[in-house]
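In: Return atomic coordinates for the entry below.
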Amino acid sequence: MTTSAVDAVLIAGPTASGKSAAALALAERIGGTIINADSMQVYREPRILTARPSNEDMRRMPHLLYGHVSAREPYSVGRYQADAANALEQARQSKRVPIFVGGTGMYFSVLTEGIANTPQVPTDLRSRVMARRKEIGADAFHIELAGRDPQSAAHLRASDTQRVLRAYEVYEATGRPLSQWQKEMGRPLLAGLNLWRLLLVPPRADLYARIDARFERMIERGALAEVAALANIDAALPAAKILGRRELLAVHAGTMSVEDAKTAAKQATRNYAKRQLTWFRNRMADWTRLEMVDGLEIAAMLPTSTG
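Out: Residues are numbered from 1 along each chain as shown. As a prediction, the model looks like this:
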């Protein structure tokens, strides 16, 4: 495949697999715009813990959808779909190759498979639904959901905060169960385009070593202070699940030492990487799998000409 045949490049992989470096090297080689496909790198405040590209890297080549949302806002797959469509158009208007990079499987599903055409939920309604769950507790809230959308409730645990909230708020906004909306799949964002789909899967031992080394660097760069600024965000928000946040908050609370927090956060990140790899294995079997983690090697797989 030559770059003239490529309308967009997709680079997926588990956390710490070298995706950002690969995307940057490739963008410099083919004149690309890098578009985020990671659900935590959309947030503005936690730059260190989400391993967002550095200011220097973002100056080297155009980057879109990084740090454009407050961690105190809910951010959904549907909102990502709209933002990614705008970013795609921006890249194409600039005559640059869009390079989507990240580790969030659902975001890649939006791009290549489509998602249900669920409506946007007004912010005030979303706030009321979150307040209702907080008022009555997770179990009672799940029971209320079952009365509205039995099919969704049957497949969700009460502790699955984001999905339970989503099902509840969609019903409240539309009067229709989320399970009905999900049967009406929309057109994939990248439908009809020639795609180069790359899946970075480093050897497991190498990946774990990269995870551990990266978390050490996060601590050196100020992750503890960054977490302190995020201590009071609502536990129901997606940003509350940022890897390492819970453990470093325990350091601030005096219930865990820094060394114990680092050990626990590294293990949690490795567990997350395992879940990502399972998703990729099940949902991206036809993607080109690469073991290397050197971005220059990936860039060298394409010729320099873009058309």
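In: where does the stretch 1-150 of the chain dip in pLDDT?
Out: Residue ranges of the stretch 1-150 of the chain with pLDDT under 70: 1-5, 117.
In: ok, which stretches of it are strands?
Out: Per DSSP state E, counting those that start in this stretch, the stretch 1-150 of the chain carries strands over the ranges 8-12, 32-36, 63-64, 97-102.
In: looking at those strands, which is closest to Ala273?
Out: Closest to Ala273 of the strands of the stretch 1-150 of the chain is strand 8-12 (C-beta to C-beta; 12.6 Å). Quick note: C-beta positions are derived from backbone N, CA and C, even for glycine.
In: mind giving me JSON lines with the strands of the stretch 1-150 of the chain and columns for distance to Glu73 and mean neighbour count?
Out: Listed next are the strands of the stretch 1-150 of the chain as JSON lines, based on distance: least, C-beta to C-beta, whole Å; neighbours: other C-beta atoms under 10 Å:
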{"stretch": "strand 8-12", "distance to Glu73": "25", "mean neighbour count": "25"}
{"stretch": "strand 32-36", "distance to Glu73": "16", "mean neighbour count": "27"}
{"stretch": "strand 63-64", "distance to Glu73": "18", "mean neighbour count": "22"}
{"stretch": "strand 97-102", "distance to Glu73": "19", "mean neighbour count": "27"}
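In: Those into a markdown table, with extra columns for distance to Ile242?
Out: What follows is those, written out as a markdown table (distance: least, C-beta to C-beta, whole Å):
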| stretch | distance to Ile242 |
| --- | --- |
| strand 8-12 | 20 |
| strand 32-36 | 15 |
| strand 63-64 | 19 |
| strand 97-102 | 15 |
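In: Can you check which of those gets nearest to Val121?
Out: Closest to Val121 of these, according to C-beta to C-beta: strand 32-36, at 22.6 Å.
In: Show me what that closest one packs onto, helices and strands only.
Out: Packing partners of strand 32-36 (3 or more C-beta pairs under 8 Å, 6 or more residues apart in numbering; DSSP states H and E): helix 19-30, strand 63-64, helix 77-93, strand 97-102.
In: Next, the angle strand 8-12 makes with that strand.
Out: Orientation of strand 32-36 against strand 8-12 (axes from the mean of the first three to the mean of the last three C-alpha atoms, to 10 degrees) gives an angle of 40 degrees.
In: In the sheet, which strands lie alongside strand 32-36, parallel or antiparallel?
Out: Note on strand 32-36: by DSSP bridges, its sheet partners are strand 63-64 (parallel), strand 97-102 (parallel).
In: What lies in contact with it?
Out: Outside strand 32-36, the residues that touch it by C-beta atoms under 8 Å, 6 or more residues apart in numbering are 9, 23-24, 26-27, 42, 53, 61-66, 84, 87-88, 90-91, 94, 96-102.
In: what's the answer for stretch 154-174, then?
Out: By C-beta under 8 Å, 6+ apart, stretch 154-174 touches 76, 118-119, 121-122, 125-126, 129-130, 132-133, 138-139, 141-142, 144-146, 148-149, 152-153, 176-179, 181, 235-236, 238.
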